[in-house]
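Student: Quick one: sequence plus predicted model below, questions after.
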Amino acid sequence: LYVTSSIGIAVYPEAGESMEALIQSADVAMYQVKDKGKDGFEFFSSDMMVFADSRLVLERELRRALDETQLRVCYQPQVDALTHDVKGLEALVRWEHPEKGVIFPGDFIPVAEETGLIVQLGEFVLETACRDMQRWRSEGLRQTRISINFSARQIAQDDFVEKILDVLERFELPHDCLEVEITENIIMADLTQVIEKLRRLTSLGIKVAVDDFGTGYSSLSYLHQFPINTLKIDKSFVNTINIDKGGSSIVDAIAAMAQGLKLNIIAEGVETVEQLAFLKKNN
């Protein structure tokens, strides 16, 4: 086991004149360390309290957003690079704040993860996506598959698989219309539990994809043990195609590995003709 520590330090009297105030200030400083990647220390400063207050406000507003249905699910098409046919859709959540406008996931998902609200948020995305899928199928779009990203907190729940099956059953959807997306770090967090749950899903016909592949810390010796159908190349690598040789080489390496493991591969965030041409030519 490799153990690291995140330490917040509060100095009397600048950071507080009572025991409670000093502990609160040290706690705020500790979370600054965690936000910077953990394993370090920080002294409390007044600027940190402004940041902490803004996080509290965001958490309170996010709870209200979940209650008042301010969240929306948008869909990003997954397109076959050769035929240009839409093979699937990825569900993406957006927060339509009544005063601040659209808030993107990077600004509120970390708070949702930290506070546990990610479980409620994830259930909302799953329900909404399956409801939309039911409507699309009734309108004739029966070949479309939908991909949904699940957090570590959701997967850690004992009834994770049962919740997915319950939603699919309620909306009368076949299992193979859903693809569960997870990140590399989730895979490595609890190998035994994650493998067991993923195998249950795939045995029932539900697909599994590894999102943002190449940005985490998974071991290739473990990767082949998982019942995975798809690898998704992170957008940060796609952006460097035809710009940086290192980025292009990484894309080629991931594609070659996926082919060797007989996995599907998705390149995220293809936005230029040059990027698409590279992917068609090299993969």
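Tutor: All right, it came through fine. Numbering: from 1, shown residues only.
Student: Contacts for the helix or strand hosting Phe108, please.
Tutor: Element membership of Phe108 [criterion: DSSP states H and E] is helix 105-115. Contacts to helix 105-115, defined as CB atoms under 8 Å, 6 or more residues apart in numbering, come from residues 55, 58-59, 62, 92-95, 117-118, 121, 151-153. All C-beta spots, glycine's among them, are computed from the backbone N, C-alpha and C.
Student: right, and the helix or strand after it?
Tutor: helix 117-138.
Student: Any buried residues in that next one, and which?
Tutor: 117-119, 121-122, 125-126, 128-130, 132-134, 136-137 (16 or more other CB atoms under 10 Å).
Student: can you check stretch 249-269 too?
Tutor: So, applying 16+ other CB under 10 Å, buried residues of stretch 249-269: Ile250, Val251, Ile254, Ala255, Met257, Ala258, Leu263, Asn264, Ile265, Ile266, Ala267, Glu268.
Student: Tell me how far the fifth one lies from Asp80.
Tutor: It refers to Met257. As judged by CB to CB, to the nearest Å, Met257 and Asp80 stand 20 Å apart.
Student: now the last one
Tutor: In this structure, Glu268 and Asp80 are 15 Å apart, going by CB to CB.
Student: swap in the third one?
Tutor: Distance from Ile254 to Asp80, counting by CB to CB: 18 Å.
Student: again with Arg153
Tutor: Distance from Arg153 to Asp80, by CB to CB: 33 Å.
Student: Neighbour count: the two, which is higher?
Tutor: Arg153 (17 against 10; other CB atoms under 10 Å).
Student: Verify the contact between that one and Gln120 for me.
Tutor: No. The pair Arg153 / Gln120 is not scored as a contact, 10.3 Å apart, by CB atoms under 8 Å.
Student: Spell out which residues are contacts of both of these two.
Tutor: Counting by CB under 8 Å, 6+ apart, nothing touches both Arg153 and Gln120.
Student: returning to what we had before: let me know the closest of the buried residues of stretch 249-269 to Leu1.
Tutor: Distances from Leu1 to these, taken as CB to CB, are shortest for Met257 (29.1 Å).
Student: Just confirm that closest one is within a helix.
Tutor: Yes. Counting by DSSP: H, G, I helix; E, B strand; the rest coil, Met257 is part of a helix.
Student: so how many other residues sit close to the closest residue to Asn264 other than its chain neighbours?
Tutor: Nearest in space to Asn264, with sequence neighbours left out and distances taken as CB to CB, 6 or more residues apart in numbering, is Thr230 at 4.2 Å. Residues lying near Thr230 (other CB under 10 Å) number 20.
Student: Return the residues in contact with Thr230.
Tutor: Glu179, Lys207, Val208, Ala209, Val210, Leu263, Asn264, Ile265, Ile266.
Student: Measure how buried the fifth one is and give me the count.
Tutor: Same thing as Val210. Counted with other CB under 10 Å, Val210 comes out at 23.
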